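A.B. asks: sequence and predicted model, in that order:
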Amino acid sequence: MTLKITCKEVHRLTSEGLDRELSVVERARIQVHLLVCHACRNFTHQMQLLRRAMRQLMPAPDDDREAGGR
């Protein structure tokens, strides 16, 4: 496996990273690509922003149980 990765693969892995923890190799491949690709850096930043926004909107799983038990 090479560190070289396409924009399409970066987008796929970035999206998958929202649902699962990426491996060290996957993260390294993305980071190498982001060093040279401005478009993918923007995409990754946008995905991170969306993730943070969703976390702020959604209650933590423990919060649901506490609210329901009162």
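C.D. replies: Received the coordinates, thanks.
A.B. asks: C-alpha from now on. contacts and neighbour counts both.
C.D. replies: OK.
A.B. asks: low-confidence bits of the chain, can you list those?
C.D. replies: 1, 60-61, 63-70 (pLDDT under 70).
A.B. asks: for it, which helix extends over the most residues?
C.D. replies: helix 38-57 (DSSP state H).
A.B. asks: that helix: how far from the chain's middle?
C.D. replies: 7 Å (C-alpha atoms, centre = their mean, to the nearest Å).
A.B. asks: that one - contacts with which helices or strands?
C.D. replies: With contacts taken as 3 or more C-alpha pairs under 8 Å, 6 or more residues apart in numbering; DSSP states H and E, helix 38-57 sits against helix 7-16, helix 24-36.
A.B. asks: can you give me the buried ones in that helix?
C.D. replies: Residues 40-41, 43-44, 47 are the ones in helix 38-57 that count as buried (16 or more other C-alpha atoms under 10 Å).
A.B. asks: of the helices and strands packed on helix 38-57, which approaches residue 51 most closely?
C.D. replies: Residue 51 sits nearest to helix 7-16 of all those, at 10.2 Å, using C-alpha to C-alpha.
A.B. asks: next, the angle helix 38-57 makes with the closest one.
C.D. replies: 10 degrees (axes from the mean of the first three to the mean of the last three C-alpha atoms, to 10 degrees).
A.B. asks: residues contacting helix 7-16, please?
C.D. replies: With C-alpha atoms under 8 Å, 6 or more residues apart in numbering as the test, helix 7-16 has contacts from 22, 26, 30, 33, 40, 43-44, 47.
A.B. asks: among those residues, which one sits closest to residue 6?
C.D. replies: residue 33 (7.8 Å).
A.B. asks: ok, now which ones touch the closest one?
C.D. replies: Per C-alpha under 8 Å, 6+ apart, neighbours of residue 33: 4-6, 10, 40.
A.B. asks: for ChimeraX, what selects the buried ones among these?
C.D. replies: In ChimeraX syntax, the buried subset of those is picked out as below (16+ other C-alpha under 10 Å):
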select :5,10,40
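A.B. asks: can you redo the contacts of residue 33 as TSV with distance to residue 53?
C.D. replies: Rendered in TSV, the data for those read as follows (distance: C-alpha to C-alpha, whole Å):
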residue	distance to residue 53
4	31
5	28
6	27
10	21
40	20
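A.B. asks: cool, thanks, signing off.
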